[in-house]
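Chemist: Attaching a predicted model along with its sequence, questions to come.
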Amino acid sequence: MLRPMLLTLFAAGLTTPALALDTWMWGLGPRIGTQVLPGGYPNRLPRLADGDPDSGPRTDDGIVQMPHDLMLGGRGVYYIDRHHRIGFDGGTMIGLGMGQGRRGTTWDFLFTYDYAFQGKALDLMLGGGAGFGTTGFRGPDDQRLRVNTFPVRVQVSGMARDNTRAYELGVFAQYNTPSSTTYTLPSGDQPNVRGGIWFTTGLQISVFFGDFNPPTGTPGPVRRLPED
C-alpha cells in the first residue's frame with residue numbers, strides 16, 4: 001500500500017510544471033549610507049531618572065552625539081511576485097569625528113517589505129521595515145551608554161537593474177524605540193536614566209547580485225496520472 005503511494009507522489013512531482021518552482025527575482029549585496037538629519041545622533045541623549053533632569057549622559061560627562069557617521073552593511077531581497085518584495089537589511093553605523101576617546105556605534109537588523117512599481121529596467125519602491133538593534137557610546141574616561149532598541153523604518157527608493165545586477169538608491173526615516181538603557185560611570189555605578197530621542201533620516205546605496213530577470217512564460221497544463 002505504501003509503495004504505490006510513494007511512487008504516485010514522486011511521479012506527480014516530476015509532472016509539475018517547471019515554472020511553478022521559479023522565483024520571480026532575488027538579490028544579495030552590500031550597502032553604504034549616512035544620516036542626513038538631524039545633525040547629530042541621537043536627537044537628545046537620555047537624562048538621569050532621579051535628581052537634576054538636565055544631568056546624566058551629556059557632553060561634559062564624556063558622552064556626545066554622533067556628528068558624522070558611516071553606515072555599512074548588507075541586504076537581501078526576494079520578489080514574491082511583480083509588486084511584492086520582502087527582505088532583510090543589517091549592518092552598523094559608525095560614529096566619526098567624535099574626538100579622542102569618544103566613540104559610538106549602532107548595530108541593527110531589519111526585516112523589510114516593499115511595494116514595487118516596476119518599469120522595464122527602473123523600479124520605484126515604497127516600503128519599510130522593523131527589527132532590533134543596539135547603540136553604544138563610550139567617553140574618554142570610560143563612561144558607557146548602551147541602548148537596546150526596536151527600529152522602525154519607512155523608505156522610498158529607486159532601483160535600476162539588468163539581468164544579474166541591481167543598483168538601488170533609497171531615502172529613509174527611522175525611529176529606534178528604546179527597550180532598555182544602561183549608563184555606566186567610570187566608577188562602575190549605573191544610575192537610572194530615561195528618555196532620549198532616537199529619530200533619524202538618511203540615504204543609502206545598495207548593490208545586489210542575483211537574478212533580476214522576471215519570468216515571462218506561463219506554465220503549461222498539468223499532466224494527470226491515469227486512473228487505476
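Modeler: Sure thing, it's come through.
Chemist: List the pairing partners of the helix or strand hosting residue 200 within its sheet, with orientation.
Modeler: Assigned by DSSP states H and E, residue 200 falls within strand 199-211. Neighbouring strands of strand 199-211 in its sheet, by DSSP bridges, are strand 25-37 (antiparallel), strand 165-184 (antiparallel).
Chemist: what comes up buried for that strand?
Modeler: For strand 199-211, the neighbour count (16 or more other Cβ atoms under 10 Å) marks 200, 202-204, 206, 208, 210-211 as buried. Yep, even glycine has a C-beta here, placed from its N, CA and C like the rest.
Chemist: quick check, nearest of those to residue 141?
Modeler: Distance to residue 141 across those (Cβ to Cβ) is lowest for residue 200, with 27.0 Å.
Chemist: Isn't residue 34 up against residue 72?
Modeler: No: when contacts are counted by Cβ atoms under 8 Å, residue 34 is not listed as touching residue 72 (10.2 Å).
Chemist: Distance check, the residue most central in space within the chain against residue 206.
Modeler: Compute the mean C-alpha point of the chain, and by Cα atoms, centre = their mean the closest residue is residue 89, 2.8 Å away. Distance of residue 89 to residue 206, given as Cβ to Cβ, to the nearest Å: 8 Å.
Chemist: residues bridging contact with these two, i.e. touching both?
Modeler: By Cβ atoms under 8 Å, 6 or more residues apart in numbering, residue 89 and residue 206 have these common neighbours: 31, 75.
Chemist: related to what we said a few turns ago, any chance of the strands paired with strand 199-211 in TSV, with mean neighbour count too?
Modeler: Output for those, formatted as TSV (neighbours: other Cβ atoms under 10 Å):
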stretch	mean neighbour count
strand 25-37	17
strand 165-184	17
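Chemist: Where does pLDDT dip in this structure?
Modeler: 1-22, 50-62, 97-102, 216-228 (pLDDT under 70).
Chemist: try 50 this time
Modeler: Across the chain, the ranges flagged by pLDDT under 50 are 1-21, 59-60, 218-224.
Chemist: where along it do the strands fall?
Modeler: 25-37, 47-48, 68-79, 84-96, 103-117, 122-138, 144-161, 165-184, 193-194, 199-211 (DSSP state E).
Chemist: sorry, back to before: can you redo the strands paired with strand 199-211 as TSV with distance to residue 139?
Modeler: Converted to TSV, these look like this (distance: least, Cβ to Cβ, whole Å):
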stretch	distance to residue 139
strand 25-37	21
strand 165-184	10
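Chemist: Out of the ones you listed, which gets nearest to residue 149?
Modeler: strand 165-184 (3.8 Å).
Chemist: wait, what's in contact with the spatially closest residue to residue 144 that is not a sequence neighbour?
Modeler: Once flanking residues are discounted, residue 144 sits nearest to residue 184: 4.3 Å by Cβ to Cβ, 6 or more residues apart in numbering. Each residue near residue 184 by Cβ under 8 Å, 6+ apart is listed here: 143-146, 190.
Chemist: Against residue 124, how distant is residue 184?
Modeler: Distance, residue 184 to residue 124, using Cβ to Cβ: 45 Å.
Chemist: next one: residue 156
Modeler: Distance, residue 156 to residue 124, using Cβ to Cβ: 8 Å.
Chemist: Might one say that residue 204 is in contact with residue 35?
Modeler: No: applying Cβ under 8 Å as the test, residue 204 and residue 35 come out as separate, 10.0 Å apart.
Chemist: Done for today, thanks.
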